[in-house]
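Participant: Show me how the following folds:
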Amino acid sequence: MKLLSLEGSNITPEIKFDGDMGKLSLKGRSIPENALEFYQPIFEWLDEYLNSPQQKTIVHVQFDYFNTSSSKCILDVLKRIDRIDEAGHDVLIKWYYDENDEDMMEAGEDYSALLEAPFELLEIE
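Facilitator: Numbering: from 1, shown residues only. Next up is the predicted model:
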């Protein structure tokens with residue numbers, strides 16, 4: 001499966017999805033003018049990955065900030081990953097947040113409550 005790699009900017013997160021290794025990473029800020037347009041290639045990549053995922057998929061999520069429209073798209077990404085877990089594959093979502101960022105910690109808690117896949121909240125200094 002091809003690699004999906006999008007360089008981050010001051011308004012979009014860095015995306016690195018390696019289907020052959022089962023490693024997915026989203027990192028940075030997500031405040032694009034059109035979140036759905038930005039996330040569409042990610043949805044398409046995940047939909048393809050869902051057809052033949054690795055036995056173990058690890059997802060690293062580390063946002064500094066995201067806006068409301070991005071929050072829905074992030075949930076859609078996580079729901080797709082949740083389907084991998086539902087299909088009987090091992091999935092682990094690791095949600096990183098700065099020790100002083102209660103909002104990002106709470107966002108992780110909220111997403112975790114909506115998913116079945118194992119979800120770790122990890123504080124970083």
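
Participant: what ranges do the helices span in this protein?
Facilitator: Assigned helices in the chain, in chain order: 35-51, 68-86, 102-114 (criterion: DSSP state H).

Participant: quick check: angle from the longest one to helix 102-114?
Facilitator: Using axes from the mean of the first three to the mean of the last three CA atoms, to 10 degrees, the direction of helix 68-86 lies 40 degrees away from that of helix 102-114.

Participant: and residue 17, which of the helices of the chain is closest to it?
Facilitator: With CB to CB as the measure, helix 35-51 is the member of the helices of the chain nearest residue 17 (5.8 Å). In short, each C-beta sits where N, CA and C put it, glycine included.

Participant: ok so, going back, tell me which of the helices of the chain sits nearest to residue 18.
Facilitator: Evaluated over the helices of the chain, closeness to residue 18 peaks at helix 35-51, with 10.1 Å, by CB to CB.

Participant: distance between that closest one and the chain's centre?
Facilitator: Taking CA atoms, centre = their mean, to the nearest Å, one finds the center of helix 35-51 at 11 Å from the center of the full chain.
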